[in-house]
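Chemist: any chance you could fold what I've pasted below:
(chains A and B)
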2 protein chains.
Amino acid sequence: MLPYKSLIQIDRHASVALHVQVCNSFISLITKGTLLPSEALPSSRILAELIGINRNTAKLAYEELISQGWAESIERKGVFVLSNLPILEKIALPKNAFDTSHSAFSWTNHFAKAVLSKSLQKTKLAIDDGFPDVRLAPVDELMREYRSMARKFYGKGFLKYGSAKGSEKLRAAISRYLSDTRGVTASSDHILVTKGSQMGIYLAAQLLLSPADTIAVGNSNYRLADDAFRHTNAALLRIPVDDSGMDIDYLEKALQHQKIKAVYVIPHHHLPTTVTLNSERRLKLLALAREHRFAIIEDDYDFDFHYNNKPYLPLASIDHHQNVIYIGSISKTFAPALRIGFMVGPPVFIEAAAALRELIDRQGDTLMEEAFAVMFDDGEVDRHFRKSLKIYKQRRNLFCEVLRTSFADAISFKTPEGGLAVWSTFDKKIDLQKMSDAALQHGLFIDNGDFYKNESFSTNAMRMGFASLDEDEIIRALEILRKTI
Amino acid sequence: MLPYKSLIQIDRHASVALHVQVCNSFISLITKGTLLPSEALPSSRILAELIGINRNTAKLAYEELISQGWAESIERKGVFVLSNLPILEKIALPKNAFDTSHSAFSWTNHFAKAVLSKSLQKTKLAIDDGFPDVRLAPVDELMREYRSMARKFYGKGFLKYGSAKGSEKLRAAISRYLSDTRGVTASSDHILVTKGSQMGIYLAAQLLLSPADTIAVGNSNYRLADDAFRHTNAALLRIPVDDSGMDIDYLEKALQHQKIKAVYVIPHHHLPTTVTLNSERRLKLLALAREHRFAIIEDDYDFDFHYNNKPYLPLASIDHHQNVIYIGSISKTFAPALRIGFMVGPPVFIEAAAALRELIDRQGDTLMEEAFAVMFDDGEVDRHFRKSLKIYKQRRNLFCEVLRTSFADAISFKTPEGGLAVWSTFDKKIDLQKMSDAALQHGLFIDNGDFYKNESFSTNAMRMGFASLDEDEIIRALEILRKTI
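Modeler: Presented below is the predicted three-dimensional model:
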């Protein structure tokens, strides 16, 4: 007989009933091959004694084992492992069936890893990629709405799954908001609620691009967008970016030689360099799109943050030929963990995107969407935008002032007209990795710039986010940085 | 001069400043081609009179227009549309650049459409596909945690983006929960938090399948899983399903002729037919997976609902060769709109899935995940499972009793051992579409069965969900159904 006393371990404090624990132990012994087909099991009396349980519990365990089809009871003989179970060989195969060749994504959760690393948990300060200050977000108001929605919602018996396009109310609220703030005319049918800009980029990439296709992107470009396009096996064509944004003449020349399926552009504060695409290039890009029949994926994640003049209207507001897919986010404005964004496009495209989105995660968080709709309708979103814009402008001014006065020898930059970060080019002598390491020793997280590099872009530069730090924190953070350079 | 009075419409009650409205109107006139390059604009005085605004507002509007690069001010001459703007031709092209060939998904948000349709909003009763009763979910407790998390979370300045794998706490809680309830041994590294089962299916499909691959699925099968597999352009091989689940002998024979990359199986209450895969077939499937090196995608969305014996342990609990990707959901148990699920697999696969998930939507709702972690740790999830299991068992018994006594001539079925629906085969004479239409006239939503059909499965049958109706509602719903047949 097997040494059941040591093989079958039970835990009287576990939430699982004892007889189920015993039954599961037997199943494990059978599937591991320790117990073979047709092998006799100890009687319930003996089992009970061996492992110190009540005899009825032992009986229940066998009943369970039999009812699950692992063992059989033969009259007057006892309980046996089922005879017709396929025998499992006891060979350990280290290799498995998974092809992990797809796992070569260039950037696995880069900032999150850094932020969650132990050394960072101790730091008090971080110069990030351009995140909002979550301390400013009206989370209490949002949560109040969420809770009240939860009550209302759950009073309705069978309204369980929502539309994959997102809450009807929120789509209507976004429709009004887009029209009021940026001249984009879009009815609910033109709008899909997403989980932030990233989902919009992913859906557009999946719907527009096939492996033989080419998509034009800026050089450098938002890395997670590049990755989403590469995931479709489409080719990336890198277009230079200068002070007036993406070089549309360069794109025009490229179009003479090759077919381009789509152009991904961040006209309003290009990521990473924060430059704005000028009016002339905007119109030319739209004209080219019409002539060459390519789609424009316009990522406008940053529209709400513009400090000097009013922001440029999006391409989507002056596109009369439905060539633009317009993508935006509220996450950036509120808090990244609250995942709400939108995608605007022709209804037929939005239908397709909704169908794909349904395959991915069926739908968003209906309650959160409804709560956000109320926040829009109450003017709470607008109030928050205005309030934080004012604060961010002060922070930008202070941050740039300190950079100008104390880092003239080390960092060159242009004061950004909008957005939450300064594109900072470091002196060639400064090793950004060493700087990052040294800063961490002094309690400051700052990245090493690798995130913005690609096969043809290696400037010694990075985005320095100013928005998530208050004025006192900005002073302290830049003092530490000054010491490490 | 153009009729500016009618062309420029302003709204004094809008939240956008007047001068911005005027500026945007001009941009619109320029981009539409109504105003041409080099065309003169009226002086600010005349404009102010024409459209009834203050002259300073008109000046501000022009300044804005100039600063955005649409117009220029020429000394002593006035303001002109910029001369070097590319001319937009006024041709309307009805066709657009979007290839919508990808939009042919077979099922666009089927139930949601039905549920949100106007006639249904008036109905009081629905026999659904097997949804939980959201009225039973401890939403207040969850919301209390969510709110408290929101306070704690937002106190932390820079913890903004979470891990794409999901909250560390929730992964630890799920790890304990899987070990306690179903013998699946998985550390946090083996777990990815998803937005419900669907995202797990989608991620697994994307990582495992290429266009030349074949995946084996049941016949019939969960339609949104079929669609997710088809989206990779892989071929589906349909395996018959009988009373003991998927026919593994059939699969074995198929493997002699062809390479199969993965098998998608719902061993515990197959969807739609609710049958359970027996032990012999489970072991054989695992042995085949090892021999032929295919992956098993085990969808166990329904584990928590089993009424008679204890549920079978998942394949993942007896898989010693890492061939199983195990997918489950808490959404089903709580409420579909609260999107939390999990995927369990080898760490290298989970890393790849997290990287892909990051491209899709970056991360889940950190707050909701943290709140759920507390619900698990407090035992609230477990209490809810036990409580609702008891209630659902009563509802199943009543529902099946009524079917047996009043529908013997019309519906054949087996009482399901678990899950939230009865697989009901209707008499051939009954036209399910007509029945569905007639029921709606009497205030009852019931589907027409099309959702379960595919190119080789056309049984006159459907799932009838009993869980979301209380006992009184079950009686009333089935009375209406009886009348319509």
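
Chemist: for the rest of this, base every contact and every neighbour count on C-alpha atoms.
Modeler: OK.

Chemist: ranges for the helices of the stretch 1-150 of chain A?
Modeler: For the stretch 1-150 of chain A, the helices defined by DSSP state H, counting those that start in this stretch occupy A:4-7, A:18-32, A:44-51, A:55-67, A:110-116, A:118-122, A:139-155.

Chemist: quick one, what contacts the closest residue to A:L36 other than its chain neighbours?
Modeler: Using C-alpha to C-alpha, 6 or more residues apart in numbering or on different chains and skipping the chain neighbours, the partner closest in space to A:L36 is A:I30 (6.4 Å). A:I30 makes contact with A:L36, A:P37, A:V81, according to C-alpha atoms under 8 Å, 6 or more residues apart in numbering or on different chains.

Chemist: just A:E49 next, same as before
Modeler: A:R55.

Chemist: among the helices and strands of chain A, which has the poorest mean pLDDT?
Modeler: Scoring the helices and strands of chain A by mean pLDDT, DSSP states H and E places helix A:110-116 at the bottom, with a mean of 39.

Chemist: hang on, A:F342 in a strand?
Modeler: Yes - secondary structure of A:F342 (DSSP: H, G, I helix; E, B strand; the rest coil): part of a strand.

Chemist: the longest helix along chain A close to chain B?
Modeler: Looking across chain A with DSSP state H, the single longest helix is helix A:380-406. No - against chain B, helix A:380-406 shows no contacts by C-alpha under 8 Å from any C-alpha of the partner chain, the least distance being 8.9 Å.

Chemist: in that helix, which residues are buried?
Modeler: Neighbour counts over helix A:380-406 (16 or more other C-alpha atoms under 10 Å in any protein chain shown) mark A:381-382, A:384-385, A:388-389, A:392-396, A:398-400, A:402-404 as buried.

Chemist: and for stretch A:414-428?
Modeler: Within stretch A:414-428, the residues scored as buried using 16+ other C-alpha under 10 Å are A:T415, A:P416, A:E417, A:G418, A:G419, A:L420, A:A421, A:V422, A:W423, A:S424, A:T425, A:F426.

Chemist: low-confidence ranges, the stretch 151-300 of chain A, go.
Modeler: Scanning the stretch 151-300 of chain A for pLDDT under 70 picks out A:151-162.

Chemist: how does it look with 80?
Modeler: A:151-164, A:180 (pLDDT under 80).

Chemist: likewise for the stretch 301-450 of chain A?
Modeler: For the stretch 301-450 of chain A, residues meeting the criterion pLDDT under 80 lie at A:308-312, A:319-322, A:331-339, A:362-368.

Chemist: give me the domain ranges for chain A.
Modeler: As assigned by automatic domain parsing, chain A contains the domains A:4-81, A:108-131+A:383-484, A:139-382.

Chemist: and A:D472, what pLDDT?
Modeler: What the model reports for A:D472 is a pLDDT of 93.

Chemist: can you report how many residues lie near it?
Modeler: Residues near A:D472, counting by other C-alpha atoms under 10 Å in any protein chain shown, number 9.

Chemist: likewise A:P347?
Modeler: Neighbour count of A:P347, defined by other C-alpha under 10 Å: 16.

Chemist: report the contact partners of it.
Modeler: For A:P347, the contact set (C-alpha under 8 Å, 6+ apart) comprises A:D189, A:H190, A:I191.

Chemist: same question for A:L313.
Modeler: Residues counted as contacts of A:L313 (C-alpha under 8 Å, 6+ apart) are A:R182, A:G183, B:N24.

Chemist: relative to A:S468, how far out is it?
Modeler: The gap separating A:L313 from A:S468 is 26 Å, by C-alpha to C-alpha, to the nearest Å.

Chemist: before we move on, what about A:I174?
Modeler: On the measure of C-alpha to C-alpha, A:I174 and A:S468 end up 26 Å apart.

Chemist: list the buried residues in stretch A:237-249.
Modeler: For stretch A:237-249, burial by neighbour count (16+ other C-alpha under 10 Å) applies to A:L237, A:R238, A:I239, A:P240, A:V241, A:S244, A:G245, A:M246, A:D247, A:I248.

Chemist: can you pick out the most distant pair from these?
Modeler: Greatest spatial distance among the buried residues of stretch A:237-249 (C-alpha to C-alpha): A:L237 and A:S244, at 18.9 Å.

Chemist: quick check on A:D437: phi, psi?
Modeler: A:D437 adopts backbone torsions of phi -60, psi -50, taken as degrees, to the nearest 10.

Chemist: tell me the most buried of the domains of chain A?
Modeler: Stretch with highest mean neighbour count among those: domain A:139-382 (a mean of 21; mean count of other C-alpha atoms under 10 Å in any protein chain shown).

Chemist: who's sitting farthest from the centroid in chain A?
Modeler: A:R76 (61.9 Å; C-alpha atoms, centre = their mean).

Chemist: please report how far the nearest residue to A:A262 once chain neighbours are set aside lies from A:K253.
Modeler: Spatial nearest neighbour of A:A262, chain neighbours left out: A:A295 (4.5 Å); criterion: C-alpha to C-alpha, 6+ apart. According to C-alpha to C-alpha, A:A295 stands 17 Å off from A:K253.
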